[in-house]
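Student: missing the sequence, but the structure's below:
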(Lines give C-alpha, C1' and ligand atoms only; values in the text may rest on other atoms or scores of the structure.)
Protein backbone atom coordinates (compact mmCIF):
# COMPACT_ATOMS: atom_id res chain seq x y z
CA UNK A 1 0.00 0.00 0.00
CA UNK A 2 2.99 2.32 -0.42
CA UNK A 3 1.27 4.15 -3.29
CA UNK A 4 -1.82 4.94 -1.21
CA UNK A 5 0.28 6.04 1.77
CA UNK A 6 2.30 8.41 -0.42
CA UNK A 7 -0.93 9.69 -1.99
CA UNK A 8 -2.43 10.51 1.42
CA UNK A 9 0.82 12.16 2.53
CA UNK A 10 0.84 14.33 -0.60
CA UNK A 11 -2.72 15.49 0.07
CA UNK A 12 -1.92 16.30 3.70
CA UNK A 13 1.22 18.23 2.73
CA UNK A 14 -0.55 20.15 -0.01
CA UNK A 15 -3.46 20.96 2.30
CA UNK A 16 -1.16 22.30 5.03
CA UNK A 17 0.73 24.46 2.53
CA UNK A 18 -2.49 25.72 0.95
CA UNK A 19 -4.16 26.46 4.29
CA UNK A 20 -1.15 28.53 5.35
CA UNK A 21 -1.52 30.59 2.18
CA UNK A 22 -5.23 31.17 2.73
CA UNK A 23 -4.71 33.84 5.37
CA UNK A 24 -3.05 36.21 2.93
CA UNK A 25 -5.58 35.85 0.11
CA UNK A 26 -8.56 38.19 -0.20
CA UNK A 27 -12.10 36.86 -0.63
CA UNK A 28 -12.33 38.19 -4.19
CA UNK A 29 -9.14 36.38 -5.19
CA UNK A 30 -10.33 33.19 -3.48
CA UNK A 31 -13.59 33.36 -5.41
CA UNK A 32 -11.87 33.86 -8.75
CA UNK A 33 -9.32 31.12 -8.08
CA UNK A 34 -12.14 28.76 -7.07
CA UNK A 35 -13.90 29.46 -10.35
CA UNK A 36 -10.68 28.67 -12.21
CA UNK A 37 -10.33 25.41 -10.29
CA UNK A 38 -13.95 24.58 -11.08
CA UNK A 39 -13.35 25.09 -14.79
CA UNK A 40 -10.20 22.94 -14.61
CA UNK A 41 -12.12 20.15 -12.88
CA UNK A 42 -14.78 20.48 -15.58
CA UNK A 43 -12.13 20.04 -18.28
CA UNK A 44 -10.68 16.95 -16.58
CA UNK A 45 -14.13 15.41 -16.20
CA UNK A 46 -15.02 16.12 -19.83
CA UNK A 47 -11.82 14.50 -21.13
CA UNK A 48 -12.43 11.44 -18.97
CA UNK A 49 -16.10 11.11 -19.90
CA UNK A 50 -15.30 10.95 -23.63
CA UNK A 51 -13.29 7.73 -23.22
CA UNK A 52 -16.38 5.54 -22.84
CA UNK A 53 -17.91 3.84 -25.86
CA UNK A 54 -20.89 1.98 -24.38
CA UNK A 55 -23.43 4.66 -23.50
CA UNK A 56 -26.08 2.23 -22.28
CA UNK A 57 -23.73 0.65 -19.73
CA UNK A 58 -22.85 4.09 -18.36
CA UNK A 59 -26.50 5.21 -18.19
CA UNK A 60 -27.62 2.03 -16.42
CA UNK A 61 -24.69 2.28 -14.01
CA UNK A 62 -25.55 5.86 -13.09
CA UNK A 63 -29.25 4.99 -12.69
CA UNK A 64 -28.59 1.97 -10.47
CA UNK A 65 -25.91 3.87 -8.58
CA UNK A 66 -28.29 6.75 -7.97
CA UNK A 67 -30.98 4.45 -6.57
CA UNK A 68 -28.51 2.75 -4.22
CA UNK A 69 -26.96 6.06 -3.20
CA UNK A 70 -30.33 7.56 -2.33
CA UNK A 71 -31.33 4.49 -0.32
CA UNK A 72 -28.01 4.54 1.55
CA UNK A 73 -28.09 8.36 1.86
CA UNK A 74 -24.40 8.54 1.03
CA UNK A 75 -24.39 12.27 0.34
CA UNK A 76 -26.12 13.00 3.65
CA UNK A 77 -23.68 10.79 5.56
CA UNK A 78 -20.70 12.49 3.92
CA UNK A 79 -22.10 15.90 4.82
CA UNK A 80 -22.75 14.82 8.40
CA UNK A 81 -19.18 13.55 8.66
CA UNK A 82 -17.98 16.87 7.29
CA UNK A 83 -20.06 18.79 9.84
CA UNK A 84 -18.68 16.59 12.62
CA UNK A 85 -15.15 17.44 11.48
CA UNK A 86 -16.20 21.09 11.30
CA UNK A 87 -17.21 21.02 14.96
CA UNK A 88 -14.05 19.20 16.01
CA UNK A 89 -11.63 21.64 14.38
CA UNK A 90 -13.68 24.73 15.20
CA UNK A 91 -14.42 25.74 11.62
CA UNK A 92 -17.17 28.09 10.58
CA UNK A 93 -19.36 28.82 7.60
CA UNK A 94 -19.34 25.21 6.46
CA UNK A 95 -15.88 25.53 4.86
CA UNK A 96 -14.46 22.39 6.46
CA UNK A 97 -17.46 20.24 5.54
CA UNK A 98 -17.55 21.55 1.98
CA UNK A 99 -13.81 21.12 1.49
CA UNK A 100 -13.86 17.60 2.91
CA UNK A 101 -16.79 16.38 0.79
CA UNK A 102 -15.67 18.06 -2.43
CA UNK A 103 -12.05 16.95 -2.37
CA UNK A 104 -12.83 13.44 -1.06
CA UNK A 105 -15.03 12.87 -4.09
CA UNK A 106 -12.48 14.32 -6.51
CA UNK A 107 -9.59 12.26 -5.14
CA UNK A 108 -11.53 8.98 -4.96
CA UNK A 109 -13.49 9.17 -8.23
CA UNK A 110 -11.54 8.26 -11.34
CA UNK A 111 -9.66 5.45 -12.99
CA UNK A 112 -6.25 6.40 -11.57
CA UNK A 113 -7.43 5.65 -8.04
CA UNK A 114 -8.85 2.25 -9.01
CA UNK A 115 -6.23 1.10 -11.53
CA UNK A 116 -3.34 2.48 -9.49
CA UNK A 117 -4.52 0.70 -6.34
CA UNK A 118 -4.89 -2.58 -8.26
CA UNK A 119 -1.40 -2.29 -9.75
CA UNK A 120 -0.01 -1.58 -6.31
CA UNK A 121 -1.78 -4.61 -4.86
CA UNK A 122 -1.11 -7.17 -7.59
CA UNK A 123 2.22 -6.11 -9.08
CA UNK A 124 3.64 -4.08 -6.21
CA UNK A 125 3.88 -1.23 -8.74
CA UNK A 126 2.88 2.12 -7.18
CA UNK A 127 3.92 4.31 -10.14
CA UNK A 128 0.35 5.22 -11.14
CA UNK A 129 -0.46 6.22 -7.57
CA UNK A 130 2.81 8.17 -7.39
CA UNK A 131 1.68 10.17 -10.43
CA UNK A 132 -1.74 10.63 -8.85
CA UNK A 133 -0.01 11.77 -5.65
CA UNK A 134 1.72 14.61 -7.47
CA UNK A 135 -1.54 15.73 -9.07
CA UNK A 136 -3.49 15.47 -5.81
CA UNK A 137 -0.77 17.21 -3.81
CA UNK A 138 -0.65 20.20 -6.15
CA UNK A 139 -4.42 20.47 -6.38
CA UNK A 140 -4.66 20.21 -2.56
CA UNK A 141 -2.60 23.39 -2.31
CA UNK A 142 -5.10 25.30 -4.44
CA UNK A 143 -8.17 23.75 -2.83
CA UNK A 144 -6.90 24.42 0.70
CA UNK A 145 -5.87 27.98 -0.19
CA UNK A 146 -9.50 28.71 -1.05
CA UNK A 147 -11.55 26.27 1.06
CA UNK A 148 -9.28 25.76 4.05
CA UNK A 149 -7.88 22.93 6.13
CA UNK A 150 -10.87 20.65 5.50
CA UNK A 151 -9.03 19.41 2.41
CA UNK A 152 -6.57 17.63 4.71
CA UNK A 153 -9.25 15.24 5.99
CA UNK A 154 -9.91 13.91 2.47
CA UNK A 155 -6.73 11.89 2.92
CA UNK A 156 -8.68 9.49 5.16
CA UNK A 157 -11.26 8.39 2.52
CA UNK A 158 -8.37 8.06 0.04
CA UNK A 159 -6.57 5.64 2.39
CA UNK A 160 -9.75 3.65 3.07
CA UNK A 161 -10.91 3.56 -0.58
CA UNK A 162 -7.62 2.89 -2.36
CA UNK A 163 -6.32 0.72 0.46
CA UNK A 164 -9.37 -1.54 0.28
CA UNK A 165 -9.00 -1.89 -3.49
CA UNK A 166 -5.31 -2.73 -3.09
CA UNK A 167 -6.08 -5.45 -0.55
CA UNK A 168 -8.83 -6.91 -2.76
CA UNK A 169 -6.92 -6.42 -6.02
CA UNK A 170 -6.51 -10.09 -6.89
CA UNK A 171 -10.30 -10.58 -7.07
CA UNK A 172 -10.79 -8.02 -9.86
CA UNK A 173 -7.55 -8.51 -11.79
CA UNK A 174 -9.18 -10.49 -14.59
CA UNK A 175 -12.11 -8.12 -14.97
CA UNK A 176 -10.36 -4.79 -15.48
CA UNK A 177 -9.31 -4.97 -19.12
CA UNK A 178 -8.86 -1.80 -21.25
CA UNK A 179 -12.52 -1.81 -22.41
CA UNK A 180 -13.88 -1.99 -18.85
CA UNK A 181 -11.41 0.66 -17.68
CA UNK A 182 -12.62 3.03 -20.44
CA UNK A 183 -16.24 2.69 -19.29
CA UNK A 184 -15.14 3.17 -15.70
CA UNK A 185 -13.14 6.25 -16.65
CA UNK A 186 -16.10 7.70 -18.56
CA UNK A 187 -18.48 7.17 -15.65
CA UNK A 188 -16.00 8.69 -13.24
CA UNK A 189 -15.55 11.61 -15.63
CA UNK A 190 -19.28 12.34 -15.59
CA UNK A 191 -19.21 12.37 -11.78
CA UNK A 192 -16.28 14.78 -11.87
CA UNK A 193 -18.25 17.04 -14.23
CA UNK A 194 -20.98 17.02 -11.59
CA UNK A 195 -18.42 18.02 -8.95
CA UNK A 196 -17.30 20.89 -11.20
CA UNK A 197 -20.89 22.12 -11.50
CA UNK A 198 -21.11 22.09 -7.70
CA UNK A 199 -17.85 24.03 -7.35
CA UNK A 200 -19.04 26.59 -9.90
CA UNK A 201 -22.40 26.75 -8.07
CA UNK A 202 -24.25 26.16 -11.33
CA UNK A 203 -26.32 23.27 -10.03
CA UNK A 204 -26.29 21.26 -6.80
CA UNK A 205 -25.79 17.62 -7.80
CA UNK A 206 -25.72 14.83 -5.21
CA UNK A 207 -22.50 13.26 -6.43
CA UNK A 208 -22.17 11.22 -3.26
CA UNK A 209 -25.42 9.43 -4.03
CA UNK A 210 -24.15 8.61 -7.53
CA UNK A 211 -20.90 7.07 -6.30
CA UNK A 212 -22.19 3.45 -6.39
CA UNK A 213 -22.25 3.81 -10.19
CA UNK A 214 -18.51 3.13 -10.04
CA UNK A 215 -19.27 -0.31 -8.59
CA UNK A 216 -21.99 -1.11 -11.14
CA UNK A 217 -20.12 -0.05 -14.27
CA UNK A 218 -17.32 -2.60 -13.81
CA UNK A 219 -19.46 -5.80 -13.91
CA UNK A 220 -21.89 -4.31 -16.46
CA UNK A 221 -19.07 -3.37 -18.86
CA UNK A 222 -17.39 -6.75 -18.34
CA UNK A 223 -20.55 -8.72 -19.19
CA UNK A 224 -21.39 -6.40 -22.11
CA UNK A 225 -18.01 -7.17 -23.62
CA UNK A 226 -18.07 -10.86 -22.74
CA UNK A 227 -21.48 -11.46 -24.36
CA UNK A 228 -20.80 -9.06 -27.24
CA UNK A 229 -23.49 -6.58 -26.22
CA UNK A 230 -21.38 -3.58 -27.28
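Tutor: Nice, thanks for sending it over. The structure displayed is predicted, hence computed values, not measured ones. Residues are numbered from 1 along each chain as shown.

Student: lowest-pLDDT helix or strand in the chain?
Tutor: The weakest-scoring helix or strand in the chain, judged by mean pLDDT, DSSP states H and E, is helix 169-172 (a mean of 76).

Student: Run through the neighbouring helices and strands of that helix.
Tutor: With contacts taken as 3 or more C-beta pairs under 8 Å, 6 or more residues apart in numbering; DSSP states H and E, helix 169-172 sits against helix 111-122. (Glycine included, C-beta is placed from N, CA and C.)

Student: List the buried residues for the helix it packs on?
Tutor: Of the residues in helix 111-122, 111-121 count as buried by neighbour count, 16 or more other C-beta atoms under 10 Å.

Student: which of the residues you listed lies closest to residue 68?
Tutor: residue 114 (18.0 Å; C-beta to C-beta).

Student: I figured the closest one was touching residue 184, is that so?
Tutor: Yes - with contact defined as C-beta atoms under 8 Å, residue 114 counts as touching residue 184 (6.5 Å).

Student: Next, show the common contact partners of the two.
Tutor: Shared contacts of residue 114 and residue 184 (C-beta atoms under 8 Å, 6 or more residues apart in numbering): 176, 214.

Student: now the strands for this protein?
Tutor: Read by DSSP state E, the chain holds no strands at all.

Student: can you give me the helices for this structure?
Tutor: 2-22, 27-49, 55-72, 74-89, 95-108, 111-122, 127-147, 155-167, 169-172, 178-199, 207-210, 213-226 (DSSP state H).

Student: quick one: which of the ones you listed has the weakest pLDDT on average?
Tutor: Comparing mean pLDDT across these, the weakest is helix 169-172, with a mean of 76.

Student: Give me the contact list for that one.
Tutor: By C-beta under 8 Å, 6+ apart, helix 169-172 touches 117-118, 120-122, 165, 218.

Student: same question, stretch 121-135
Tutor: 1-4, 6-7, 9-10, 112-113, 115-117, 119-120, 162, 165-170, 173.

Student: can you check stretch 222-230 too?
Tutor: 53-54, 56-57, 175, 177, 179-180.

Student: Format the residues you listed as a markdown table; extra columns: neighbour count and distance to residue 195.
Tutor: Below are the contacts of stretch 222-230 laid out as a markdown table (neighbours: other C-beta atoms under 10 Å; distance: C-beta to C-beta, whole Å):
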| residue | neighbour count | distance to residue 195 |
| --- | --- | --- |
| 53 | 13 | 23 |
| 54 | 21 | 23 |
| 56 | 11 | 24 |
| 57 | 27 | 21 |
| 175 | 16 | 26 |
| 177 | 11 | 27 |
| 179 | 17 | 25 |
| 180 | 22 | 23 |
